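*Asks:* Build the 3D model from these lines:
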Amino acid sequence: MIKKITETVDYLINKGFQAPEIGIILGTGLGQIVNDIEVLSEVNYNEIPNFPIATVEFHKGKLIYGNLSGKKVIVMQGRFHLYEGYTLQDVTFPVRIMEKLGIKTLLVSNAAGAINLNFKKSELMLIEDHINLQGGSPLAFKGVEALGTRFTDMSAPYDAEINSRFKAIAKTNNIILHEGVYASVVGPQLETRAEYRMLKIMGADAVGMSTVPEIIVANHLNLKVAAISVLTDECDPEHLKPVDITDIIASATQAEPHMITLFKTLIKTL
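*Replies:* Residues are numbered from 1 along each chain as shown. Okay, the predicted model is just below:
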């Protein structure tokens, strides 16, 4: 893996990806923040050596480098998932690349279903902790100790200071920003009524199919991390209705301006 990381990093440096400070991973329906970036360089995933290729039709598959709110950023417009057939090491490979390029902070967004019924569709949830239900770890491979400590501490995976800033920004801008626990499952099927009941008992406030692997690797690399979910549907097992992916994307799009405000304002303070 070290050889692959070196090859990929060298390629991106030659493409102009120089000394970024912040990495951003954009989730489903959350791609419009790129319109606020002064783009200095961009590369399609399929052109980057050793990079996976996004196979989900609403994930763009592009790595963007530029200026946002006065900082150098790298933005993943489209991410990778276990349900696409990738390994956890594939899914998290871009995080390792961004860290080697120089980022110190990773900001993550995703679309999630609201398990906590006090949370409503198109509202936002700041992730304060998570539950890994993806059946594995992105750190469980031979030679991981060459990239960071094998037994990574996860007692506080999300940076408390950044989370406090997000909450203050939300209050100032009258944005509803819940705080809760995110459960990450494999997917791509949505959950059954019994599974939603189980997740609630386990202490989850929202459920999705991403993010946790990237958070684990970011902690492995000692990056500061924060993540926000856009709540795209309400998962009430007693009144469950079929959910269409187009409805999920529409809910994410409705909430996107608030997410952009939070990210842009926070980046100014970092």
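*Asks:* Could you check how far residue 257 is from residue 30?
*Replies:* 11 Å (C-beta to C-beta, to the nearest Å). Bear in mind the C-beta positions are built from the backbone N, C-alpha and C, glycine included.
*Asks:* When these two are compared, which one has more neighbours?
*Replies:* Neighbour totals were compared for residue 257 and residue 30, and residue 30 leads with 24 against 12 (other C-beta atoms under 10 Å).
*Asks:* Show the average pLDDT along stretch 24-39.
*Replies:* For stretch 24-39, the mean per-residue pLDDT is 87.
*Asks:* which residues are contacting that stretch?
*Replies:* Residues outside stretch 24-39 that contact it (C-beta atoms under 8 Å, 6 or more residues apart in numbering) are 56, 58-60, 64-68, 73-79, 94-95, 106-111, 210-211, 214, 230, 232, 248-253, 256, 259-260, 263-264.
*Asks:* Just the buried residues out of those residues, in ChimeraX syntax.
*Replies:* Burial among those is assessed by 16 or more other C-beta atoms under 10 Å; the matching ChimeraX selection reads:
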select :56,59,60,64,65,66,68,73,74,75,76,77,78,79,94,95,106,107,108,109,110,111,210,211,214,230,232,248,249,251,252,253,256,259,260,263
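*Asks:* Pull the residues that contact the helix or strand hosting residue 91.
*Replies:* In this structure, residue 91 sits in helix 88-101 according to DSSP states H and E. The contact list for helix 88-101, computed with C-beta under 8 Å, 6+ apart, reads 1, 4-5, 8-9, 12-13, 17, 19-20, 23, 25, 50-52, 63, 74, 76, 79-82, 106, 134, 136-138, 140-141, 147, 213-214, 216-218, 221, 223.
*Asks:* What about those, which are in helices?
*Replies:* If you go by DSSP state H, these have 4, 5, 8, 9, 12, 13, 213, 214, 216, 217, 218 in helices.
*Asks:* right, and out of these, which lies closest to residue 178?
*Replies:* Within the ones in helices among the contacts of helix 88-101, proximity to residue 178 (C-beta to C-beta) peaks at residue 214, which comes in at 21.0 Å.
*Asks:* and the gap between that closest one and residue 268?
*Replies:* As judged by C-beta to C-beta, residue 214 and residue 268 stand 23 Å apart.
*Asks:* tell me which residues of stretch 34-43 are tucked away?
*Replies:* Neighbour counts over stretch 34-43 (16+ other C-beta under 10 Å) mark 34, 37, 40, 42, 43 as buried.
*Asks:* For that stretch, what is the spacing between the initial and final residues?
*Replies:* End-to-end span of stretch 34-43 (C-alpha to C-alpha, to the nearest Å): 13 Å.
*Asks:* Farthest pair within the buried residues of stretch 34-43?
*Replies:* Within the buried residues of stretch 34-43, 37 and 43 form the most distant pair, 14.2 Å apart (C-beta to C-beta).
*Asks:* wait, residue 261 sits on residue 174?
*Replies:* No - using C-beta atoms under 8 Å, residue 261 makes no contact with residue 174, being 10.2 Å away.
*Asks:* Now the most centrally placed residue in the chain. Nearest residue, chain neighbours left out?
*Replies:* Most central in the chain under C-alpha atoms, centre = their mean is residue 108, positioned 3.3 Å from the mean C-alpha point. In space, and not counting its chain neighbours, residue 108 is closest to residue 227: 3.9 Å by C-beta to C-beta, 6 or more residues apart in numbering.
*Asks:* cool, and residue 161?
*Replies:* Closest residue in space to residue 161, ignoring its immediate chain neighbours: residue 224 at 7.9 Å, by C-beta to C-beta, 6+ apart.
*Asks:* and the residue nearest to the centre of the chain, helix, strand or coil?
*Replies:* Assigned by DSSP: H, G, I helix; E, B strand; the rest coil, the conformation of residue 108 is strand.
*Asks:* Run through the bridge partners of it.
*Replies:* Judged by DSSP bridges, the bridge partners of residue 108 are residue 25, residue 227.
*Asks:* hang on, the earlier thing: nearest to residue 117, of the buried residues of stretch 34-43?
*Replies:* Here the nearest of these to residue 117, counting by C-beta to C-beta, is residue 34; it sits at 33.3 Å.
*Asks:* looking at it, the residue nearest to residue 108 is touching residue 111, isn't it?
*Replies:* No - taking C-beta under 8 Å as the definition, residue 227 is not a contact partner of residue 111, at 12.0 Å.
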